[in-house]
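Student: dropping the sequence and predicted coords here.
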Amino acid sequence: MLGLCLAVMLGLAFSSSDSSLILHAAFHLIAVALFLLLNWFLEQTGLVSIEHQMREMDLIPKIVRDNQQESI
């Protein structure tokens with residue numbers, strides 16, 4: 001349904017002679033494309049905390065890691 005509405009909006013925008021309407025529709029098209037790319041990227045990689053990434057790269061000093069493991 002959303003795709004149909006977007007197609008109708010783009011069709012109306014490109015059939016009119018108003019350039020601001022064309023720019024507005026193009027902005028929506030770009031925003032939807034970026035949103036879909038972001039969703040795909042997050043689906044592939046997942047959300048990982050910075051602390052977890054630092055632990056994997058061994059950037060957290062050993063003393064800090066030991067203290068965190070004791071508190072868990």
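Tutor: Right, received. Where do you want to start?

Student: element containing L21?
Tutor: Per DSSP states H and E, L21 falls inside helix 19-45.

Student: buried ones in that helix?
Tutor: The neighbour-count check on helix 19-45 (16 or more other CB atoms under 10 Å) flags I22, A25 as buried. For glycine as for every other residue, the C-beta is placed from the backbone atoms N, C-alpha and C.

Student: following that helix in sequence, what is the next regular element?
Tutor: helix 50-56.

Student: just how off-centre is the helix or strand hosting C5 within its chain?
Tutor: Per DSSP H and E: C5 is located in helix 2-15. Helix 2-15 has its C-alpha centroid displaced from the chain centroid by 23 Å (CA atoms, centre = their mean, to the nearest Å).

Student: now it and helix 19-45, what's the angle there?
Tutor: 150 degrees (axes from the mean of the first three to the mean of the last three CA atoms, to 10 degrees).

Student: helix 2-15 packs against which elements?
Tutor: Judged by 3 or more CB pairs under 8 Å, 6 or more residues apart in numbering; DSSP states H and E, helix 2-15 is in contact with helix 19-45.

Student: which strands and helices lie in contact with the helix it packs on?
Tutor: Secondary elements touching helix 19-45 (3+ CB pairs under 8 Å, 6+ apart): helix 2-15.

Student: what spatial separation is found between D18 and L12?
Tutor: From D18 across to L12, the span is 10 Å (CB to CB, to the nearest Å).

Student: next one: A33
Tutor: Counting by CB to CB, the gap from A33 to L12 is 19 Å.

Student: go on, R55?
Tutor: Taking CB to CB, one finds R55 at 52 Å from L12.

Student: again, but for L37
Tutor: Noted for L37: a distance of 25 Å to L12, by CB to CB.

Student: if we can go back for a sec, who's more crowded, D18 and L12?
Tutor: Neighbour count, other CB atoms under 10 Å: between D18 and L12, L12 has more, with 13 against 10.

Student: which non-adjacent residue is nearest L21?
Tutor: Distances taken as CB to CB, 6 or more residues apart in numbering put A13 closest to L21, at 4.7 Å, once the chain neighbours are dropped.
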